[in-house]
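[1] Below: sequence and its predicted model.
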Protein chains: 2
Amino acid sequence: MAPARRSYTRASEAERREDLIVATLDCIAEVGIQGATVRQIANRAGVTAGLIRHYFTGKDQMLQAAYIAVMNGMTEIAVTAADAGETACDRLRRFIIANVTPPVTDSRTLSLWAAFISHIQTDRTFAAIHRENYLAFLTALEVLVADFFEERGTPVSEKENRSFAISLNALIDGLWLEGTLTPDMFAENELADSALSSVEALLRLKPGELACER
Amino acid sequence: MAPARRSYTRASEAERREDLIVATLDCIAEVGIQGATVRQIANRAGVTAGLIRHYFTGKDQMLQAAYIAVMNGMTEIAVTAADAGETACDRLRRFIIANVTPPVTDSRTLSLWAAFISHIQTDRTFAAIHRENYLAFLTALEVLVADFFEERGTPVSEKENRSFAISLNALIDGLWLEGTLTPDMFAENELADSALSSVEALLRLKPGELACER
DNA sequence: ACGGAAATTATCCGGTCGTATAATACGAGG
DNA sequence: CCTCGTATTATACGACCGGATAATTTCCGT
């Protein structure tokens, strides 16, 4: 007799991998990394578990791909927001605000980020992914800050510029954490306003200078 | 014939629970939260797996107790460091430095912290533990800042004080993350120096004012 | 010294994990 | 329209999971 096998449609490698990564992230965000099993992930992606090992060498590699996808998504949002600015001041301002407002401040994103961060000390591959993204973020910040001071007519030394970037990065990360972990503590624009005035303070600017009025 | 059962010694409830929690943290830090199974944990604690359910209602409750232990340990170090200061300025300075230097900046601690953070969105109990510790930390910071400005003769409003505490908290968290996740990027005292000058900037102080020279 | 409470071990259970392998259904190229 | 490569499913496997239970050892009070 006919075993009545499940019907399916083939997909291109690109979209299948994409589907599987999205399903992986959904699982981690909703049931934690403990519950993100190959069966759960495959089920959410609408395929069977065995298919995962057709596109990845194993579960670990899929998790790494998912980590890369999350971090790329976050930085892309901030960089895109910055690019929309016309002046260097505007770009810096937009970059900062983008990092402390949705969709970057999102509990789902934070769950994913934390789950991957906790793997950094255990798995060298995760550490490498983190380092690459951290350096890229820091460099982007350095460029934004350097351009800002140059446009302002008060260029700073490379050393000072780096120091500014480290502080700004810390402040942004910290506010992102606070705002996402304890969102009910902050009013609508409180986080963004706090970020802007704090950045002004860190860069030793006069209050309101980052508003970029002309 | 005699089955040759394993010999053991009894321990007080307090130390057994302590041992189990330490073993739990060791496992999470070394093999990730995935590998922190009841058998691994019990093995590391020098007992058999069944004993865990004699002291905790289940694995989840033990993880929660471990989370509490980690956070208490971190805040206790910082608070103890602050208490050693004689002036309000000194206490604030010590508190900040303690949070960006070992043993708080420790890769093991970070792994644990991240593993637990990733559970916050999934498990209400973890969320409650986080919130309690966050508020305690923020309140401690508020007191330190308020005392500092009062001692300085320039008291600030409660609203402004809270705003300062939020910014300082973000900066401290961010520097802690940066310094612990990417320790090779920072020289010996670079992180602490950066923290102090950044805090001075955030509080709109003159450079060096937090050095507390008399 | 010894009896009894309880701390600890030993063993078992159903379920699920990640992965390997074989069978099968799809869809493009001829 | 048929054929063939392969994307996908189905099933099996050994290991391990967290939890429950019963047997046993320890040690305190007397």
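    Received it, and whenever you're ready, just let me know what you need.

[2] Could you see whether DNA strand D lies near stretch A:17-37?
    No: using CB under 7 Å from any atom of the strand, stretch A:17-37 never reaches DNA strand D; the gap is at least 8.5 Å. All C-beta spots, glycine's among them, are computed from the backbone N, C-alpha and C.

[3] For the longest helix along chain A, list every residue counted as buried.
    Taking DSSP state H as the criterion, chain A has its longest helix at helix A:124-152. Of the residues in helix A:124-152, A:126, A:129-130, A:133-134, A:137-138, A:140-149 count as buried by neighbour count, 16 or more other CB atoms under 10 Å in any protein chain shown.

[4] How about the contacts made by the spatially most central residue of chain A?
    Central residue of chain A (CA atoms, centre = their mean): A:M74, 2.7 Å from the mean position. Going by CB atoms under 8 Å, 6 or more residues apart in numbering or on different chains, A:M74 touches A:V104, A:T109, A:W113.

[5] try 7 Å
    A:V104, A:T109 (CB atoms under 7 Å, 6 or more residues apart in numbering or on different chains).

[6] all helices of chain A, in order?
    Under DSSP H, chain A gives helices at A:13-35, A:38-45, A:52-55, A:59-83, A:88-99, A:107-117, A:124-152, A:158-181, A:190-202.

[7] Redo the ones you listed as TSV? Include mean pLDDT.
    As requested, those are exported to TSV (pLDDT from 0 to 100):
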stretch	mean pLDDT
helix A:13-35	96
helix A:38-45	98
helix A:52-55	97
helix A:59-83	97
helix A:88-99	97
helix A:107-117	97
helix A:124-152	97
helix A:158-181	97
helix A:190-202	97
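
[8] got the residues of chain A near DNA strand C?
    A:2-3, A:5, A:7-10, A:35-40, A:49-50, A:52-53, A:58-60.

[9] Any of the residues you listed buried? List them.
    Judged by 16+ other CB under 10 Å, buried ones among the residues of chain A next to DNA strand C: A:A36, A:V38, A:Q40, A:I52, A:K59.

[10] Quick one: closest of the helices of chain A to B:P183.
    helix A:124-152 (11.3 Å; CB to CB).

[11] tell me how far the closest one is from the chain's mean position?
    13 Å (CA atoms, centre = their mean, to the nearest Å).

[12] other SSEs contacting that helix?
    On a contact count with 3 or more CB pairs under 7 Å, 6 or more residues apart in numbering or on different chains; DSSP states H and E, helix A:124-152 meets helix A:59-83, helix A:88-99, helix A:158-181.

[13] Can I get those in TSV including distance to A:Q121?
    As requested, the helices and strands packed on helix A:124-152 are arranged in TSV below (distance: least, CB to CB, whole Å):
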stretch	distance to A:Q121
helix A:59-83	14
helix A:88-99	25
helix A:158-181	18
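
[14] right, and those - which one's nearest DNA strand D?
    helix A:59-83 (12.4 Å; CB to the nearest atom of the strand).

[15] got the angle between that closest one and helix A:13-35?
    110 degrees (axes from the mean of the first three to the mean of the last three CA atoms, to 10 degrees).

[16] Now do helix A:59-83 against helix A:38-45, angle only.
    50 degrees.

[17] residues contacting A:E76?
    By CB under 7 Å, 6+ apart, A:E76 has no neighbours at all.

[18] From A:D83, how far out is it?
    Taking CB to CB, to the nearest Å as the measure, A:E76 falls 10 Å from A:D83.

[19] Could you report the neighbour count for A:W113?
    By the measure other CB atoms under 10 Å in any protein chain shown, the count of residues near A:W113 is 21.
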